[in-house]
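Peer 1: generate a structure from the sequence data that follows.
(chains A, B, C, D, E, F, G and H)
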There are 8 protein chains.
Amino acid sequence: HVHEWVDESVDARDDWARRRRKDIPNDKRLFVLACMDERIPVEEVLGLELGDAHVFRNAGGKVTDDVVRSAALTLQFFDTEEIIVVNHTDCGMMSAADEDVVGGLEATVGGEMDDVDLDPALPDLNIGDASIAEWVRMTDDIDEACTAQVAYLADHPLIPDDVTVTGYVYEVESGHLRRPGERIGEEISERV
Amino acid sequence: HVHEWVDESVDARDDWARRRRKDIPNDKRLFVLACMDERIPVEEVLGLELGDAHVFRNAGGKVTDDVVRSAALTLQFFDTEEIIVVNHTDCGMMSAADEDVVGGLEATVGGEMDDVDLDPALPDLNIGDASIAEWVRMTDDIDEACTAQVAYLADHPLIPDDVTVTGYVYEVESGHLRRPGERIGEEISERV
Amino acid sequence: HVHEWVDESVDARDDWARRRRKDIPNDKRLFVLACMDERIPVEEVLGLELGDAHVFRNAGGKVTDDVVRSAALTLQFFDTEEIIVVNHTDCGMMSAADEDVVGGLEATVGGEMDDVDLDPALPDLNIGDASIAEWVRMTDDIDEACTAQVAYLADHPLIPDDVTVTGYVYEVESGHLRRPGERIGEEISERV
Amino acid sequence: HVHEWVDESVDARDDWARRRRKDIPNDKRLFVLACMDERIPVEEVLGLELGDAHVFRNAGGKVTDDVVRSAALTLQFFDTEEIIVVNHTDCGMMSAADEDVVGGLEATVGGEMDDVDLDPALPDLNIGDASIAEWVRMTDDIDEACTAQVAYLADHPLIPDDVTVTGYVYEVESGHLRRPGERIGEEISERV
Amino acid sequence: HVHEWVDESVDARDDWARRRRKDIPNDKRLFVLACMDERIPVEEVLGLELGDAHVFRNAGGKVTDDVVRSAALTLQFFDTEEIIVVNHTDCGMMSAADEDVVGGLEATVGGEMDDVDLDPALPDLNIGDASIAEWVRMTDDIDEACTAQVAYLADHPLIPDDVTVTGYVYEVESGHLRRPGERIGEEISERV
Amino acid sequence: HVHEWVDESVDARDDWARRRRKDIPNDKRLFVLACMDERIPVEEVLGLELGDAHVFRNAGGKVTDDVVRSAALTLQFFDTEEIIVVNHTDCGMMSAADEDVVGGLEATVGGEMDDVDLDPALPDLNIGDASIAEWVRMTDDIDEACTAQVAYLADHPLIPDDVTVTGYVYEVESGHLRRPGERIGEEISERV
Amino acid sequence: HVHEWVDESVDARDDWARRRRKDIPNDKRLFVLACMDERIPVEEVLGLELGDAHVFRNAGGKVTDDVVRSAALTLQFFDTEEIIVVNHTDCGMMSAADEDVVGGLEATVGGEMDDVDLDPALPDLNIGDASIAEWVRMTDDIDEACTAQVAYLADHPLIPDDVTVTGYVYEVESGHLRRPGERIGEEISERV
Amino acid sequence: HVHEWVDESVDARDDWARRRRKDIPNDKRLFVLACMDERIPVEEVLGLELGDAHVFRNAGGKVTDDVVRSAALTLQFFDTEEIIVVNHTDCGMMSAADEDVVGGLEATVGGEMDDVDLDPALPDLNIGDASIAEWVRMTDDIDEACTAQVAYLADHPLIPDDVTVTGYVYEVESGHLRRPGERIGEEISERV
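Peer 2: I've put the predicted structure just below:
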């Protein structure tokens, strides 16, 4: 009967729209940390379709307390089993000097950054004795930075040991991912 | 001459690949804050192509210090002029009770959350007297939550006054955006 | 030989064009009752191709004597075995007050509705002591209305007991069918 | 700003989903009466898209009190200005003898049709002294029948005089519409 | 090796281009006689691709000495085993009166047709005591004409007995083939 | 109104299906004489769509009395103004010796060709003192043959002087047309 | 895990980009010698995709010391096992007289060709007692030339005996390859 | 008339197939020197269609006497006005040591290279006192090599001064061209 086919499609939609309430995980059980840069086709280079993964994106693709919070929630409540980190070349977060960045922020607020709520929804949040430059997280070398983010996540107590953590650098100049430190373009222009 | 066409394409690639070093903004001068849920086609519902916007995504699409940091950097250094917030129905971040979430996290770490570095890259970061439940940011009502995130951003000192901030709720059950509080499905099943 | 292939296509066309004279049923042995609203892609949401089903559509998708007549004919003479009812949200037939509708009709005829042939091809047809408002069939709640239409058909003596009758509400706001009373959008905007 | 484009698409969806509540007519201001036969691609032959017209379909594409009710509602409340009738060749409603049809219905109910509610939702509805065969509406000649349906509608007091009423016969053997009485195939097989 | 694939394609082209010299038959071993009317998609309605059949087309799709010559050659030398005749409705060859046609031809030549070489390449060809009207071959009834052409071919001494001969009438009003005499449109507009 | 668009499409179909009765010419006012060989995409190489031209095809694309008859009818009654002849290389009609062809035909009829009706529908048709080989029309040189067919038509009294007659040879080895005598492949394999 | 799929694509790219350093041969182990003429779709007629073959192209598709050098390198170091030569009709290198070509070159350099470095990167290269016309390599007959190039390669000491060498002539007039000497167009325009 | 369109297509084919004999240049008046590597989509990266350019390809994309010969012919006789050189990263011609290459060649011939005809069609050709390694043309740095090839061509007496010569390096790791020395990937992985 036709209504059986219709019932299946009604049920499939219900599973999609109430996925979180029904404790259905994402399709690949995957959490991605990537930079928010506008040039990174995260889903395409990881082969992901709508529904496949929780994709966290921030400035630099760096591990922050927000990353820890978000990863912990999906790992804890939605059966996520894998983490992939995607950093990239020509990252805006690496091309400026620390003092220029901090100076720019202070110019905007018209005063010291000490007087600003870093998190307006949680004013108690603060960085103690750390500097604003540390909080902003400039980058010296993108391959080293990628390796470091993987280590931060792999070693964190809220990330269970059996979660796989892998990191890649996306090359905006080639449109391809590389493993940290494996820059092909570096060596193939000259004789062995 | 053919080389003129080739030179143009070589230059266009250079502008793309060194966009950040050359202080070129994203194509729409737009920063998006959205939930990392796997069912939200953020680019599609906002009409965005690769290159158009910086898209920040975290658990719940909530304003955190990481959002403030990321938005401040793109507003300050890359001529971004507009912010759009995208929350959504059936958000995993709203369906659990606070005590269940905190209990789950503590089970994972095998102890108190007080002893855990919330940010492994910035161990000084802490939430003072605030509770872990506040840091996790459960949600009671998604429309109210969306309105609140817009307010947090619009009022923050690191967001200049001339930046436009707009919020929408993405309905996973319909595949459409609504403005907060404008739920069509609520009223059209019954007689006026 | 090629003429064998041609003969098959000639015969197939004959079966299509003289289907009713040859007592060939529709391809799914299905009768559909749906609202005539311009926004309902009836064939698409039921997965139907040309040739699959007899689709009855009227104002509101309500059971009338015309529905009974049409269903009885296809069930009796063309081996139809299944009935599906499709109502929908934002139905024009439910948003007006009874007195406004009746008043409007009387304004058009410039007099009492009592003096009007309800069926010009069958002037004897009349509604006895029933009111014009009952004949017009306004709706209070679309989910209840859908359940009621299913019951009218399932219980009617001209519908054999082994005919399956199923009802759905099409949501114009989501483009999906739901079973009566199973409105997803109703609950997923708030915390459990 | 991007949100302006988004706002337009949010508004367009609102207009679509609340079209009836907002008194927005269908896109062509058209009411169609067609047979429910599974072989009639009504939308295709009339050049209609989703949203264009209210399409009423019943057994035979005959004018009934349900047609009058449905047409009156769209004409009265939704600015509909045109009616098109689509009948077709090989109509199931014309190939049987009256007594066979009535006999079949009585066999189903196991008794006289007089004891059956013709409309279970409106039990007061009755056909007075008319016969069941008249209610079932068999057809002798499809071109004459089409002309008759146009006349029933054009002359009815609930159809204002400035409404255009046009009728066509859809040929299932050719896949084309003809005007009533203009059968091309009838004459072009022989010498003038 | 790649040259093996290339050699195959070189050989396939040789077989195509020298097909007649190599005594290769057409792909379906089929000879078609059809009218030259511009509205007949002969290949499409017979399901033929380039290479499949010898298609003879003349005014009316009538058997002439040219048809006999052409059919005999393909049957005799190229293994053709089947003949299909395609006539059609609204044939220009049937709509005129004999005297009008002959009169028109005589007006063109400015004299008697007797003085005209019917075949300029074979001036000895003549029609003896037959009339020009017979030579022009007007048609009274297309279904009878089709049946007659099939008989002319099936009975001719140059057509071996084991050759299949089949005839169809293409309806320009429906875009379909029918067998001679099986006009669907003739009967399905009225009650049985 | 929608019915205006429908009326236009009904009228367009009437013009198509009754084109001959309404004295409507083919779309290009063109008559084509081509060989019936299965490898000649006549419509494609002449840029023709369905409806554009009357296409006569016989064995060899040779002028016969049937060609004269067919051309005269379309020129006289349907406003045709142009004739194109298409012959082709590797024509089956040229590769055999005359005596082999005649011998083969006589073997089929089991006797003399003199006793055979060349045209079964017009038994009076005969070739006088001409030979069967002349009637069969073998070819020595395809370019010369094409030029000859053009001359036969251009000079015939039934073809008015203002009709344009052009001839081409289709090369099955290249898939292109050439003018008679302009064989490119003949000269470009060697040094000037 | 998703990272396994990503790792595979990262490795595949590495194999592609460092193919030569990793001693990976081309995909078909094929070396092609073809003319540089702009009308020769070398890859298409040989059925080659990007990655399949080393394609050497020069004026005339003639064997030179550069061809020997290039073929020797791919045969020696990259496991190439097959050679295909593609010459073509209407080759610019064959249509001029020797003296015209040499005269033209001398006009350009404004003096004797003896004083010109034939290879600016290797000034010691010279042609001894050979003439400039021999070095320029005009062609008398393209089929003979193709056969000769195959022989030069098959017999050369730097080409191992187990390497397959095949030659074809590409016909610009037909868009097809032929084997040397097998010109179809030469014979199929006339009677056998 | 239709034959005018046909004549144009016949003439266009003649111009294509006899382009060299008619002194018609290539469409872009361009000569390209590129490496024969199987991974270089020369036409695609230069935006070329069939018919646009003479594309010379050899091992390494290096200037040889064959390049000089081929370029001189197209510049002298076919109005070519521009030269583009395309070298590439990971070139097989650069990754080996000179002695390994020479040793490999000698192993193939089973003796000294001095006894081998470098050009079997022109045995007088020799490299004087230059070494085989110089003739083989290994590469140390691809960007420098590209610049050198441009200089060799720009400065050669057979290349007129008004010919534009431009060089690019194709990156097999990115699928893009760069100008020599402008390697984007070199610098964008680290902080300024």
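Peer 1: near chain G, which residues of chain A?
Peer 2: A:28, A:30, A:45-48, A:53, A:81-82, A:84, A:164, A:166, A:168, A:176-179, A:182, A:184, A:188, A:192 (CB under 8 Å from any CB of the partner chain). From N, CA and C alone the C-beta is placed, and that goes for glycine too.
Peer 1: near chain B, list only the ones from those residues.
Peer 2: Answer for the residues of chain A next to chain G near chain B (CB under 8 Å from any CB): residue A:53.
Peer 1: of the residues of chain A next to chain G, which belong to strands?
Peer 2: Among the residues of chain A next to chain G, the members falling in strands (DSSP state E) are A:30, A:53, A:82, A:84, A:164, A:166, A:168, A:176, A:177, A:178.
Peer 1: quick check: the last one touching residue A:172?
Peer 2: No. With contact taken as CB atoms under 8 Å, residue A:178 and residue A:172 are classed as non-touching, separated by 11.8 Å.
Peer 1: and residue A:60, helix, strand or coil?
Peer 2: Under DSSP: H, G, I helix; E, B strand; the rest coil, residue A:60 falls in the helix class.
Peer 1: quick one: the residue nearest to it when sequence neighbours are not counted from residue G:171, how far?
Peer 2: Excluding its sequence neighbours, the residue lying closest to residue A:60 (CB to CB, 6 or more residues apart in numbering or on different chains) is residue A:93, at 3.7 Å. Residue A:93 sits 60 Å away from residue G:171, going by CB to CB, to the nearest Å.
Peer 1: any idea which helix or strand carries the spatially most central residue of chain A?
Peer 2: For chain A, the residue nearest the mean C-alpha position is residue A:33 (1.9 Å; CA atoms, centre = their mean). Residue A:33 is located in strand A:30-35, with elements delineated by DSSP states H and E.
Peer 1: in its sheet, what does that strand sit against?
Peer 2: Strand A:30-35 pairs in its sheet with strand A:53-58 (parallel), strand A:82-88 (parallel), by DSSP bridges.
Peer 1: CA atoms only: put it into CSV for me.
Peer 2: Only the C-alpha atoms of strand A:30-35 are listed here, as CSV (Å, rounded to 0.1, in the frame of the first residue of the first chain):
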residue,chain,number,x,y,z
LEU,A,30,32.6,13.1,14.2
PHE,A,31,33.5,16.5,15.8
VAL,A,32,35.5,18.8,13.6
LEU,A,33,37.5,21.9,14.9
ALA,A,34,38.3,24.2,12.0
CYS,A,35,39.2,27.8,11.4
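Peer 1: mind listing what's buried in it?
Peer 2: Buried positions in strand A:30-35, judged by neighbour count with 16 or more other CB atoms under 10 Å in any protein chain shown: A:30, A:31, A:32, A:33, A:34, A:35.
Peer 1: how far away is residue A:4 from residue A:13?
Peer 2: Look at residue A:4 and residue A:13: by CB to CB, they are 15 Å apart.
Peer 1: of these two, which one has the most company?
Peer 2: Taking neighbours as other CB atoms under 10 Å in any protein chain shown, residue A:4 and residue A:13 compare with residue A:13 leading, 18 against 10.
Peer 1: what parts of chain A come near chain C?
Peer 2: Proximity of chain A to chain C, by CB under 8 Å from any CB, involves residues A:1-3, A:5-7, A:9-10, A:13-14, A:17-18, A:21.
Peer 1: out of those, which is most surrounded?
Peer 2: The residue in the residues of chain A next to chain C with the most neighbours, by other CB under 10 Å, is residue A:17 (23 neighbours).
Peer 1: what about residue A:7, which helix or strand?
Peer 2: helix A:2-17.
Peer 1: angle of that helix against strand C:53-58?
Peer 2: With axes from the mean of the first three to the mean of the last three CA atoms, to 10 degrees defining the directions, helix A:2-17 sits at 70 degrees from strand C:53-58.
Peer 1: send the alpha carbons of stretch A:15-29 over as CSV?
Peer 2: Taking C-alpha atoms only, stretch A:15-29 is exported to CSV below (Å, rounded to 0.1, in the frame of the first residue of the first chain):
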residue,chain,number,x,y,z
ASP,A,15,14.0,11.1,13.2
TRP,A,16,15.8,14.0,11.5
ALA,A,17,13.8,16.8,13.2
ARG,A,18,13.9,15.3,16.7
ARG,A,19,17.4,13.8,16.4
ARG,A,20,18.7,15.4,19.6
ARG,A,21,15.7,14.6,21.7
LYS,A,22,15.9,11.0,20.5
ASP,A,23,19.6,10.7,21.3
ILE,A,24,20.5,10.0,17.7
PRO,A,25,24.2,10.8,17.0
ASN,A,26,25.5,12.6,13.9
ASP,A,27,26.0,10.2,11.0
LYS,A,28,29.8,10.0,11.2
ARG,A,29,30.1,10.4,15.0
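Peer 1: point out the residues in chain A that sit beside chain H.
Peer 2: So chain A meets chain H at A:89-90, A:94-97, A:138-143, A:169, A:171-176, A:183-186, A:188-192 (CB under 8 Å from any CB).
Peer 1: could I have the ChimeraX command that selects the buried members from the residues you listed?
Peer 2: Entered in ChimeraX, the line below selects the buried ones among the residues of chain A next to chain H, by 16+ other CB under 10 Å:
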select /A:89,90,94,95,96,138,139,142,143,169,171,172,173,174,175,176,183,184,185,188,189
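Peer 1: not counting sequence-adjacent ones, nearest residue to residue A:5?
Peer 2: Distances taken as CB to CB, 6+ apart put residue C:47 closest to residue A:5, at 5.7 Å, once the chain neighbours are dropped.
Peer 1: contacts only, for the one you found.
Peer 2: Listed by CB atoms under 8 Å, 6 or more residues apart in numbering or on different chains, the contact partners of residue C:47 are A:2, A:5, A:6, A:9.
Peer 1: wait, what's in contact with residue A:14?
Peer 2: C:182, C:184.
Peer 1: if I look at it, how far off is chain D?
Peer 2: Separation of residue A:14 from chain D (CB to the nearest CB, to the nearest Å): 20 Å.
Peer 1: next one: residue A:182
Peer 2: From residue A:182 to chain D the distance is 37 Å (CB to the nearest CB).
Peer 1: can you pull the contacts of that residue?
Peer 2: G:10, G:14.
Peer 1: try it again at 7 Å.
Peer 2: Residues counted as contacts of residue A:182 (CB atoms under 7 Å, 6 or more residues apart in numbering or on different chains): none.
Peer 1: how about residue A:16?
Peer 2: Here residue A:16 is in contact with B:39, B:172 (CB under 7 Å, 6+ apart).
Peer 1: and it, how close does it get to residue C:176?
Peer 2: Residue A:16 is 10 Å from residue C:176, by CB to CB.
Peer 1: same question, residue A:180
Peer 2: Per CB to CB, residue A:180 is found 44 Å from residue C:176.
Peer 1: now do residue A:41
Peer 2: Residue A:41 is 29 Å from residue C:176, by CB to CB.
Peer 1: again, but for residue A:169
Peer 2: Relative to residue C:176, residue A:169 is positioned 41 Å away (CB to CB).
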